[in-house]
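Colleague: Okay, predicted coordinates and the sequence, questions at the end:
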Amino acid sequence: MNYNREDGWHDPKIVPYHDISVSPANTTLHYGQAIFEGMKAFRQQDGKIVIFRTLDHLNRLNNSARLLDIPNVDINTVHQGLKKLIEIEKEWVPAKIGQSLYIRPFIFATDPYLGVSVSDTYKLLIILSPVAAYYAHGFAPVKIMVEDHYVRAVPGGLGEAKTPANYAASLHAGLVAHEKGYDQTLWLDGVERKYIEEVGSMNILFKIKGEIVTPSLCGSILGGITRKTVLAVAKEWGIPVSERRITIDEVCEAYKNGELDEVFGSGTAAVISPVGLLSYKGQDMIINEGKIGSFSQKMFDHITGLQSGLIKDTQGFIEG
Ligand code: PMP
């Protein structure tokens, strides 16, 4: 689908996957005026194909658009187009539990212009790709390094948008963490370097003295759809949840006092990612003896159960 000022969003079409060409002066290549989403379609046990929380993802796409001065899309048009696309490509939706069809909508500026300015023209594309189960070798804990040198996002910046710049800002620190033997980076706030923000491609949650605590959406982290699901399910289960600012010192203190029950990430790719080790300033904290916590396991089973249709969806997460 294309956008220009005269016609708005127009010309939606479904075409086979192919290379596209842009001008070497394309503004996105130089200045990064682009946004994207990542969601999944599942083939449920009865054969029905569903998408997990489509409207939340499309609303978030529009929120990213607002932050990047990209024209909003009509959610209903994109939703209907997406449904049509999935219907045509339905044989690509895997039937095996844990597998899915990944859906990647993205919008980028297309003006061929070397000056720094907001583009007048855009393209919205949606790529589909079947994906294997994230935990091919079984649901397993990860090792996370708290990043106290590099900064990913700052207040008033683009941290809450799903935009390439945020991922570019995290590449080098991710590589350094990998070289040191960690799977992911946990970002701290960009001003005081003490408030916990999020992991490279996941939100972070803690179970402290029985309560699920996660950083509030302060403008510099992505409002994860899985995070929202976890909080809604925990509430349904009667487990206390708290969205608030939390410092790394508070987490270390809870660990020292034996009050840090579990740490886990949440995101579309992994659903739940239990954390077995958290390292801050060279000090390793072994969480729950390095094993998967019971809450993390239960939540993973529940959300994957909703997606596969084994568990009945009572909260409207599953959309046809
Ligand atoms: N934070 C970042 C930076 C991410 O890239 C993702 C993955 N989209 C998340 C959090 C988790 O968001 P969601 O649960 O919507 O996938």
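Modeller: Okay, I see it.
Colleague: So A173 is in contact with E147, correct?
Modeller: Yes. Using C-beta atoms under 8 Å, A173 is in contact with E147, at 5.2 Å. The C-beta positions use only the backbone N, C-alpha and C, and glycine is treated the same way.
Colleague: Quickly list what's touching both of these two.
Modeller: T185 (C-beta atoms under 8 Å, 6 or more residues apart in numbering).
Colleague: Which one of the two is surrounded by more residues?
Modeller: Higher neighbour count among A173 and E147: E147, with 24 against 18, using other C-beta atoms under 10 Å.
Colleague: in the sheet, who's paired with that one?
Modeller: On the basis of DSSP bridges, E147 is bridged to W187.
Colleague: Next up, the contacts around it.
Modeller: A173, A177, T185, L186, W187, L188.
Colleague: can you redo these as TSV with distance to N203 and pLDDT?
Modeller: Listed next are the contacts of E147 as TSV, based on distance: C-beta to C-beta, whole Å; pLDDT from 0 to 100:
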residue	distance to N203	pLDDT
A173	17	96
A177	17	95
T185	14	96
L186	11	98
W187	11	98
L188	14	98
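Colleague: who wins for neighbours among the residues you listed?
Modeller: Neighbour max across the contacts of E147 (other C-beta under 10 Å) = W187, 29 neighbours.
Colleague: In terms of helices and strands, where is the spatially closest residue to I35 that is not a sequence neighbour?
Modeller: Using C-beta to C-beta, 6 or more residues apart in numbering and skipping the chain neighbours, the partner closest in space to I35 is S64 (3.9 Å). For S64, the host element (DSSP states H and E) is helix 54-67.
Colleague: Just give me the neighbour total for the closest residue to the ligand within the stretch 51-200 of the chain.
Modeller: In the stretch 51-200 of the chain, the residue that lies nearest the ligand is E198 (4.8 Å; C-beta to the nearest ligand atom). Other residues lying near E198 total 27 when counted by other C-beta under 10 Å.
Colleague: Now it. Nearest residue, chain neighbours left out?
Modeller: I221 (4.4 Å).
Colleague: Can you verify my assumption that that neighbour contacts R227?
Modeller: No. Judged on C-beta under 8 Å, I221 makes no contact with R227 at a distance of 9.3 Å.
Colleague: ok, now which ones touch the residue nearest to E198?
Modeller: Counted by C-beta under 8 Å, 6+ apart, I221 has contacts A153, G159, E160, W187, E197, E198, N203, P215.
Colleague: residue ranges of the strands in the stretch 101-250 of the chain, please?
Modeller: Ranges of strands in the stretch 101-250 of the chain, per DSSP state E, counting those that start in this stretch, are 122-131, 142-147, 184-188, 196-199, 203-208, 211-214, 241-243.
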